[in-house]
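**Q** Pasting a predicted model and its sequence here:
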Amino acid sequence: MTGREAAHFWRNPALPGVDLLKARYVTHRFTRHVHESYAIGVILSGIEEFDYRGARHRAGRGNVVLVNPEHVHTGHAGEPEGWAYRMLYPSIEVMAGIAAEVAAPRGTPYFPEAVVSHPHATALLLAAHDAAEHGDDLTSSTLTRTAFAALLRHHAALRPADARSSRESQAVRRAREILHERLVTPPTLEDLAHAVQARPFALIRAFKAATGLPPHAYLNTLRVRRARGLLDSGVPPAQVATDVGFTDQSHLNRHFKRVVGVPPAAYQRARTYKTGAKNRT
């Protein structure tokens with residue numbers, strides 16, 4: 001990659017359940033968001049800073065970043081020159097399946113450390129990512145599983161009890177259900193609070209304690225998640241914006257890039273190719 005910002009997000013059929021991102025960012029900032037999948041990657045150059053689990057983390061060249069599913073985090077440059085990295089986003093099912101095959105904690109894997117140094121896993125992840133980019137299916141699938149197994153053996157732990165779940169009141173649970181049901185026509189905060197029999201500010205506090213996000217940010221995360229599914233199925237971005245409740249395509253573009261790292265149209269174009277080698281940045 002050159003000195004300018006560039007990003008490519010794609011999926012290789014040889015790696016089912018795993019998305020890939022190759023990017024260099026300077027001014028781009030990821031807003032507070034969550035992924036359904038794990039976020040695992042290697043910093044190639046520069047420094048990435050991100051807020052995660054109540055602390056600010058810094059990852060530099062060679063470090064491996066480990067973010068668990070459904071955990072709120074951000075992402076931005078930790079120095080003026082920005083940072084470059086290669087990321088993999090394996091599903092919970094993929095990681096749980098590998099954990100069941102190797103000497104790692106069973107069940108849903110959990111990584112207690114957000115940034116680790118593991119030269120062997122770093123080399124495997126980079127080689128796997130490069131092979132996936134160039135369409136070397138056997139190499140990419142072999143090295144990806146080997147890299148994930150190494151990380152699970154050395155850095156995974158038994159998943160702790162989720163404190164957020166214990167703080168999720170009936171009001172918050174119902175509020176989440178309403179936002180899922182009314183993705184396109186969400187209620188006002190006052191109407192949402194009234195529907196769950198809570199006061200507006202009390203609901204904001206309880207909702208953020210339970211999910212890590214206030215209701216409006218949670219809604220936008222849901223919309224982006226739904227938008228990805230529609231884009232994957234071939235729906236044009238302008239139609240996707242309407243279908244998920246954004247005011248127009250520029251509104252979708254703004255929120256989508258803040259979460260995924262690439263604009264919706266670029267995301268969709270890359271997903272139509274068999275391998276990332278056909279449309280590299």
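**A** The structure has been received and is ready for your questions.

**Q** drop to CA atoms for contacts and neighbour counts, all remaining ones
**A** Fine.

**Q** Quick one: the helices in the stretch 101-250 of the chain, in order.
**A** For the stretch 101-250 of the chain, applying DSSP state H, counting those that start in this stretch gives helices covering 119-133, 137-155, 163-166, 170-181, 189-195, 200-211, 215-232, 237-244, 249-260.

**Q** OK, contacts around the closest residue to residue 129 other than its chain neighbours?
**A** Leaving aside its chain neighbours, residue 129 sits nearest to residue 140 (6.7 Å; criterion: C-alpha to C-alpha, 6 or more residues apart in numbering). By C-alpha atoms under 8 Å, 6 or more residues apart in numbering, the contact set of residue 140 is 14, 15, 127, 128, 129, 130, 131, 132.

**Q** for residue 71, phi and psi?
**A** phi -110, psi 130 (degrees, to the nearest 10).

**Q** distance of it from residue 110?
**A** As judged by C-alpha to C-alpha, to the nearest Å, residue 71 and residue 110 stand 11 Å apart.

**Q** And for residue 129?
**A** Per C-alpha to C-alpha, residue 129 is found 22 Å from residue 110.

**Q** Then residue 20?
**A** Between residue 20 and residue 110 the distance, using C-alpha to C-alpha, works out to 20 Å.

**Q** Quick check: closest non-adjacent residue to residue 77.
**A** That would be residue 48: by C-alpha to C-alpha, 6+ apart, it lies 4.9 Å from residue 77.

**Q** Kindly apply the preceding question to residue 23 instead.
**A** The nearest residue in space to residue 23 (C-alpha to C-alpha, 6+ apart) is residue 7, at 4.0 Å.

**Q** follow-up on the earlier one: what subset of the contacts of residue 140 is buried?
**A** 14, 15, 127, 128, 129, 130, 131, 132 (16 or more other C-alpha atoms under 10 Å).

**Q** hang on, residue 75 is in a helix, isn't it?
**A** No - under the criterion used here (DSSP: H, G, I helix; E, B strand; the rest coil), residue 75 is strand, not part of a helix.

**Q** Isn't it up against residue 33?
**A** No - assessed by C-alpha atoms under 8 Å, residue 75 is found out of contact with residue 33, at 9.6 Å.

**Q** bridging residues for residue 110?
**A** Judged by DSSP bridges, the bridge partners of residue 110 are residue 157.

**Q** Also residue 50?
**A** Here residue 50 sits in beta bridges with residue 57, as judged by DSSP bridges.

**Q** what packs against the helix or strand encompassing residue 85?
**A** For residue 85, the element it lies in under DSSP states H and E is strand 83-90. Under the contact definition 3 or more C-alpha pairs under 8 Å, 6 or more residues apart in numbering; DSSP states H and E, strand 83-90 sits against strand 18-25, strand 39-46, helix 119-133.

**Q** could you say what helices and strands the second one packs with?
**A** It stands for strand 39-46. The contact analysis (3+ C-alpha pairs under 8 Å, 6+ apart) places strand 39-46 against strand 64-67, strand 83-90, helix 119-133.

**Q** just the last one next, same as before
**A** When contacts are defined as 3+ C-alpha pairs under 8 Å, 6+ apart, helix 119-133 sits against strand 39-46, strand 83-90, helix 137-155.

**Q** now it: mean pLDDT?
**A** Across helix 119-133, pLDDT averages out at 97.

**Q** And residue 198, how far from residue 219?
**A** 18 Å.

**Q** circling back to that earlier point, what sits against the residue nearest to residue 77?
**A** Residue 48 is in contact with 58, 59, 60, 75, 76, 77, 78, 79, 82, 83, counting by C-alpha under 8 Å, 6+ apart.

**Q** Who are the contact partners of the residue nearest to the third one when sequence neighbours are not counted?
**A** Meaning residue 60. Distances taken as C-alpha to C-alpha, 6+ apart put residue 47 closest to residue 60, at 4.6 Å, once the chain neighbours are dropped. Listed by C-alpha under 8 Å, 6+ apart, the contact set of residue 47 reads 58, 59, 60, 61, 77, 78, 79, 82, 83.

**Q** JSON lines for these, including neighbour count, pLDDT and distance to residue 240?
**A** Shown next, in JSON lines, are the contacts of residue 47 (neighbours: other C-alpha atoms under 10 Å; pLDDT from 0 to 100; distance: C-alpha to C-alpha, whole Å):
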{"residue": "58", "neighbour count": "17", "pLDDT": "98", "distance to residue 240": "35"}
{"residue": "59", "neighbour count": "23", "pLDDT": "98", "distance to residue 240": "34"}
{"residue": "60", "neighbour count": "21", "pLDDT": "98", "distance to residue 240": "36"}
{"residue": "61", "neighbour count": "16", "pLDDT": "98", "distance to residue 240": "37"}
{"residue": "77", "neighbour count": "23", "pLDDT": "98", "distance to residue 240": "30"}
{"residue": "78", "neighbour count": "18", "pLDDT": "97", "distance to residue 240": "33"}
{"residue": "79", "neighbour count": "12", "pLDDT": "97", "distance to residue 240": "35"}
{"residue": "82", "neighbour count": "21", "pLDDT": "97", "distance to residue 240": "31"}
{"residue": "83", "neighbour count": "26", "pLDDT": "98", "distance to residue 240": "31"}
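
**Q** Alright, calling it a day.
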